[in-house]
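**Student:** sequence? don't have it. structure:
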């Protein structure tokens with residue numbers, strides 16, 4: 001199986017640029033959510049239903065209740081059209097004419113599991129979904145939430161290459177949850193609204209490959225002791241495991257990931273709209289590091305990723321943990337590429 005008072009909610013979830021939204025008459029964007037019936041897919045779809053930059057929200061899952069999720073959301077008093085699609089035979093209907101495809105489909109993490117443990121099941125799901133994207137909406141911008149992102153983005157890229165429709169600016173790994181968590185934790189430490197905090201996170205999207213650049217936090221993080229910085233860094237890296245343990249076997253980070261996925265999708269939509277200087281971090285193909293793919297701040301435009309901004313100057317500690325993370329990141333990427341080439 002692929003996965004398993006509204007205005008205030010939207011104003012928070014889409015806080016980056018929500019004030020700049022235009023009316024739906026200016027935008028005619030169809031967004032497809034693949035895995036919409038799952039723990040991430042449902043809250044993600046709830047938030048997207050309230051985004052005025054979307055005209056049509058197509059919800060797909062293999063779960064038989066997916067049309068019910070669509071019917072439920074269709075009762076919200078927003079102008080976004082919602083359609084439900086279940087099973088492989090309806091996948092192309094969901095994808096046709098979509099300009100953005102968000103993929104939260106896949107098995108969730110359970111206690112004791114790493115993101116890498118999810119690979120075998122989720123790799124096949126992302127491969128098969130991307131094959132359909134290549135056929136039904138090859139120009140769509142693909143936002144991949146499915147873990148392990150470090151491997152899923154290379155898989156999707158290789159599938160699109162084989163189909164002859166690959167554009168690296170349109171295949172993006174969603175790492176926004178790492179940024180959201182970093183802002184939250186630093187906000188708590190500084191005693192400020194976390195929405196005012198910005199911490200770039202680079203590298204990848206699992207364990208030690210998550211590199212929060214606390215030295216670049218704005219406003220500056222109040223922690224100065226190296227041991228405290230290391231402790232906070234590790235908490236950000238292992239925050240997903242913190243949630244898995246807290247849910248005691250009943251799921252992983254679903255609500256916070258739904259929020260983060262909606263925020264990332266909003267950035268894509270703002271770029272498509274033509275808004276300038278829309279920035280988020282994402283796991284993308286670039287030449288910033290030894291690895292072929294790397295998480296970094298990027299800007300969005302009318303063709304997806306517009307510019308790779310890079311990560312600037314980092315301190316000695318951050319350089320050290322980045323160097324330590326690189327072998328793991330390279331292994332994750334290689335695993336995805338080799339799977340796709342089989």
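**Tutor:** Noted; the coordinates are in hand. Since the structure is predicted, the reported quantities are computational estimates derived from the model, not experimental observations.
**Student:** What does the pLDDT read for the spatially most central residue of the chain?
**Tutor:** The residue lying closest to the centre of the chain (C-alpha atoms, centre = their mean) is residue 174, at 2.2 Å. Per-residue confidence (pLDDT) for residue 174: 98.
**Student:** Next one: it from residue 288, what distance?
**Tutor:** 18 Å (C-beta to C-beta, to the nearest Å). For the C-beta atoms, the positions are set from N, CA and C on the backbone; glycine is no exception.
**Student:** what's the straight distance from one end of stretch 289-304 to the other?
**Tutor:** Using C-alpha to C-alpha, to the nearest Å, one end of stretch 289-304 lies 21 Å from the other.
**Student:** For the chain, which residues score under the pLDDT cut-off?
**Tutor:** For the chain, applying pLDDT under 70 flags the ranges 1-27, 114-116.
**Student:** and residue 146, how many neighbours does it have?
**Tutor:** Neighbour count of residue 146, defined by other C-beta atoms under 10 Å: 30.
**Student:** To clarify, my last question referred to residue 309.
**Tutor:** Look at residue 309: counted by other C-beta under 10 Å, it has 15 neighbours.
**Student:** Go ahead and confirm it touches residue 294.
**Tutor:** No: using C-beta atoms under 8 Å, residue 309 makes no contact with residue 294, being 11.8 Å away.
**Student:** tell me the domain boundaries of the protein?
**Tutor:** Per automatic domain parsing, the structural domains of the chain span 6-174, 176-254+276-341.
**Student:** TSV please, covering these and showing distance to residue 266.
**Tutor:** TSV is the format used below for those (distance: least, C-beta to C-beta, whole Å):
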stretch	distance to residue 266
domain 6-174	5
domain 176-254+276-341	9
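**Student:** Most tightly packed of the ones you listed?
**Tutor:** domain 6-174 (a mean of 21; mean count of other C-beta atoms under 10 Å).
**Student:** quick revisit: so the residue nearest to the centre of the chain sits right up against residue 143, yeah?
**Tutor:** Yes: counting by C-beta under 8 Å, residue 174 touches residue 143, with 5.4 Å between them.
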